[in-house]
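S.K.: structure, please.
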Amino acid sequence: MIYRLFIIFILSTILSCQSDNSIELDTPEESLYFPPINTNNWENIPPTQLNWDLNKLVELKNFLIEENTKSFMVLVNGKIVVEEYYNGHTANDTWQWNSAGKTLVTATTGIAEQNGLIDINNKVSDYIGTGWTSATLEQENLITVKNLLTMTSGLDEVPQLVIKNNLVPLADAGTRWAYGNVFQRLMNVVEDASGTEFESYYNTELGNKIGMVGFWNNGFFYRIYHSNTRSMARFGLLASQNGNWDGEQIINQDFFLDSKTTSQSINPAYGYLWWLNGKSSYMLPSTQTEFTGNLIPNAPADLVAALGKDEQRIYIVPSKNLVIIRMGEATESEDNFALSSFDNVFWEKFNEVIN
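M.R.: Numbering: from 1, shown residues only. You can find the predicted model right below:
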């Protein structure tokens, strides 16, 4: 009898331990999701599952509608939490990225480098020939591919038309940060190095690989990317994972990390055509003034953003596995080609939704 009770006690203890262990196991984090390439299927997460404030979400949506927004999309861990279309826009409609598309040029340049076609530390004239600016040969030879990626070419940023007569030096390359359209010469670098039209190279090496559907307009002097909202979100998801798409490293990770890191000592809030929050100071287009503090005070410090005219936006917050897309017409905010007051107001309202 005593022996039988002893056995029961031992078995009960073992089962109790097993039960306790099962309780103590950490709940695995939700794995990152990537939407399929060849279908329009995309998994969703309801906002209630994330404990978002639905009343504040309605307020945010009303704000976006009032601010001439055409589409708004939020991804968490790659899954859609919010996908809204306003003011007659639909999921199938395309819209221009404006300067948010600079980041596509960055990514394509990085791919060309990893494919051995270019070296971003080489001078631009190695690829497109000399005489592409109105600078002296000595000044022109100072301008590297990296200077175009970082907006430090030293060339006059005021003329929007990128032609030789407008590419006048105001300072030596690397000594002045100024936001302008000369970055477009990166497309010529990729074209001449690859022997392929930029759009074709981009589609083959990047867009098609992650299921993007879009086009570059055919302007010779200035090319702008157009796509639907989900394509913009796909690129945002790729960027949030430093160039990795569902296990495939589309773009060299080190290059992408460099892209989203301060790229020069003049404007801490700028990487390779990406804007960076959480820095001690920042500069803006059309001015040489240095402003103290965060680029977007209400946004998370680790925010990385593609900012385009008329508030075309890709916001990426790595600490929250968050990607946010906004497409639309110009808001009521005062626009500065990139940043505007819209950004800080948006983040004030979005924080109320998720906190």
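S.K.: tell me the contacts of residue 301?
M.R.: Taking C-beta atoms under 8 Å, 6 or more residues apart in numbering as the definition of contact, the neighbours of residue 301 are 277, 278, 294. Heads up, the C-betas are built off the backbone N, CA and C, glycines and all.
S.K.: hmm, residue 286 is touching residue 309, no?
M.R.: No. Counting by C-beta atoms under 8 Å, residue 286 sits too far from residue 309 to count as a contact (11.9 Å).
S.K.: comparing those two, which residue is more hemmed in?
M.R.: Neighbour totals were compared for residue 286 and residue 309, and residue 309 leads with 18 against 13 (other C-beta atoms under 10 Å).
S.K.: with secondary structure and pLDDT added, can I get the contacts of residue 301 in a markdown table?
M.R.: Conversion of those to a markdown table gives the following (DSSP: H, G, I helix; E, B strand; the rest coil; pLDDT from 0 to 100):
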| residue | secondary structure | pLDDT |
| --- | --- | --- |
| 277 | coil | 98 |
| 278 | coil | 98 |
| 294 | coil | 97 |
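S.K.: want to throw those into TSV with distance to residue 156 and neighbour count?
M.R.: Rendered in TSV, the data for the contacts of residue 301 read as follows (distance: C-beta to C-beta, whole Å; neighbours: other C-beta atoms under 10 Å):
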residue	distance to residue 156	neighbour count
277	28	22
278	30	16
294	29	20
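S.K.: re the thing from before, overlap of the contact sets of residue 286 and residue 309?
M.R.: Residues touching both residue 286 and residue 309 comprise residue 337, with contact defined as C-beta under 8 Å, 6+ apart.
S.K.: from the contacts of residue 301, which is closest to residue 313?
M.R.: Checking the contacts of residue 301 against residue 313 with C-beta to C-beta, the nearest one is residue 277 at 12.8 Å.
S.K.: secondary structure element for the most centrally placed residue in the chain?
M.R.: Geometric centre of the chain, nearest residue: residue 306, 4.6 Å, by C-alpha atoms, centre = their mean. Using DSSP states H and E, residue 306 falls within strand 304-308.
S.K.: can you get me a residue count around the closest residue to residue 168 other than its chain neighbours?
M.R.: Nearest residue to residue 168 in three dimensions, chain neighbours excluded: residue 156, at 4.5 Å (C-beta to C-beta, 6 or more residues apart in numbering). The criterion is other C-beta under 10 Å. On that basis, residue 156 has 17 neighbouring residues.
S.K.: hang on, residue 156 packs against residue 170?
M.R.: Yes. Checked against C-beta under 8 Å, the pair residue 156 and residue 170 is within contact range at 5.4 Å.
S.K.: hang on, the earlier thing: quick check: the residue nearest to the centre of the chain vs residue 162, distance?
M.R.: Per C-beta to C-beta, to the nearest Å, residue 306 is found 20 Å from residue 162.
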